[in-house]
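**Student:** kindly return the folded structure for what I paste below:
(one chain, ligands or ions: 1)
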Amino acid sequence: MSGITLVPVSLGERSYNVAVGSGAISLTSTMIPAGVKRIAVVTQEGVPDSFIPQFVDHDVFVAKIGVGEAFKSLLTIQQLCSEFASYGLTRSDCVVAVGGGMVTDVAGFAAASYHRGIAVVHVATSLLAMIDAAVGGKTGVNIPEGKNLVGAFWQPSGVVCDLDALNTLPTREMNCGLGEMAKYHFIAREELNTLPFAERVARCIGIKGEIVAADEREGGIRAFLNYGHTLAHALEIETDFAIAHGEAVSLGLLFAAHLAHRMGRITSQRVDEHYHVVHDVYSLHLPLPSGLTIEEIIRAMARDKKAVNSLTFVLDSAQGLEVVTGVTEHDITDAFQDLKSRLQQI
Ligand code: GLY
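**Tutor:** From the prediction side, this is the model:
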């Protein structure tokens, strides 16, 4: 792939493109809807100035949100909306979110809420935001009772994924993106590792775009995008976010493989394929956080917002991923022990 690829997300009148490639930042102004006069750029300390797009035809105001999960809060939404109002942002203006997944989640929710919804363009500067958070319209913040428990589906007018931003991304953040990238191998059942990296990023976005177009509000197959996430969310919460999201997803994928195997859904060879993708393709050799008991993990899983009446997982099978309800604590405990033992052997 050379140049910039436009990956479509087809949602009727709310369809948009995701621009992927080196130098894609130059396309940001083409994604601003007609009629917008003022732009509120929402970003964060640590995002390089070179990825704040320049706008010559608009008045621009820059707001920064705090760094760290504690700032992914309703208080931050209130502060942002106050800043928008003081600046004079109107219903026909636009928010441009520049940063990683936290920035696109928070700025997207502020845009969804301000004046009951104004346009937003996401400029994703982390791999995780590019292949997941910035695409598909999920926005939201945490409350003490749960992660991403308050939010809205609010599709952007466009998304920019300038791959040059990855050149300076800290290793840990890059690994978080690779954890999410690993999940697409099992969602699409494609040999994604045969693609050059830029094409692989575009393909992951394409897979997500196709799923979102088919099931925007997660009534069905969109849940597959949560593959590996049930354990991952529990690990994040129980470690007070010391383990980062994509790191936790890499462990969650391995756990989901063991659980599917315990339940007779997949072969041990398929479990090995999960280890191959996570450990060999993406070099994500994360240990399980120490000191956590399976009882604490099961309690945290049961509080997860996607668990309705029983423990629910996205699990692999010979036919592909499926949403499985009513998973027993016995199988979960055994699968967790399988994961622990195998990680100790490696
Ligand atoms: N991150 C999962 C989704 O967008 O549905």
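
**Student:** show me the contacts for residue 259.
**Tutor:** 313, 315, 327, 331-332, 335 (CB atoms under 8 Å, 6 or more residues apart in numbering). C-betas here are computed from N, CA, C, even on glycine.

**Student:** and the residue of the stretch 151-300 of the chain found nearest the ligand, its phi and psi?
**Tutor:** Per CB to the nearest ligand atom, the residue of the stretch 151-300 of the chain with the smallest distance to the ligand is residue 225, at 3.8 Å. For residue 225, the backbone dihedrals (degrees, to the nearest 10) come out as phi -70, psi -10.

**Student:** burial count for it?
**Tutor:** 24 (other CB atoms under 10 Å).

**Student:** isn't it right up against residue 187?
**Tutor:** Yes: counting by CB atoms under 8 Å, residue 225 does reach residue 187; the two are 7.0 Å apart.

**Student:** identify the contacts common to these two.
**Tutor:** With CB under 8 Å, 6+ apart, residue 225 and residue 187 have common neighbours residue 211.

**Student:** list the contacts for the residue of the stretch 151-300 of the chain closest to the ligand?
**Tutor:** 132, 136, 183, 187, 208, 211.

**Student:** and for residue 164?
**Tutor:** 22-23, 25.

**Student:** just the buried ones out of those residues, please.
**Tutor:** For the contacts of residue 164, a burial check counting by 16 or more other CB atoms under 10 Å picks out 22, 25.

**Student:** let me have the contacts of residue 164 in TSV, adding secondary structure as columns.
**Tutor:** Output for the contacts of residue 164, formatted as TSV (DSSP: H, G, I helix; E, B strand; the rest coil):
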residue	secondary structure
22	coil
23	coil
25	helix
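
**Student:** filter the contacts of residue 164 by proximity to the ligand?
**Tutor:** Applying CB under 6 Å from any ligand atom to those, one finds that nothing falls near the ligand.

**Student:** from the contacts of residue 164, which is closest to residue 263?
**Tutor:** Nearest to residue 263 among the contacts of residue 164 is residue 22, at 43.6 Å by CB to CB.

**Student:** would you agree the closest one is in contact with residue 163?
**Tutor:** Yes: contact between residue 22 and residue 163 holds when scored by CB under 8 Å: they sit 5.2 Å apart.

**Student:** list the residues that contact both of the two?
**Tutor:** residue 198.

**Student:** from residue 240, how far off is the residue of the stretch 151-300 of the chain closest to the ligand?
**Tutor:** Look at residue 225 and residue 240: by CB to CB, to the nearest Å, they are 25 Å apart.

**Student:** go on, residue 126?
**Tutor:** For residue 126, the distance to residue 240 equals 21 Å [CB to CB].

**Student:** out of the contacts of residue 259, which one sits closest to residue 267?
**Tutor:** residue 315 (13.5 Å).

**Student:** show me what contacts that closest one?
**Tutor:** So residue 315 contacts 256, 259-260, 263, 265, 321-322, 324, 327 (CB under 8 Å, 6+ apart).

**Student:** who does it form a beta bridge with?
**Tutor:** Residue 315 forms beta bridges with residue 322, as assigned by DSSP bridges.

**Student:** ok, and what's touching stretch 14-31?
**Tutor:** Residues outside stretch 14-31 that contact it (CB under 8 Å, 6+ apart) are 1, 3-9, 51, 53, 55-57, 96, 121, 123, 130, 134-135, 155-164, 198, 201-202, 205, 209.
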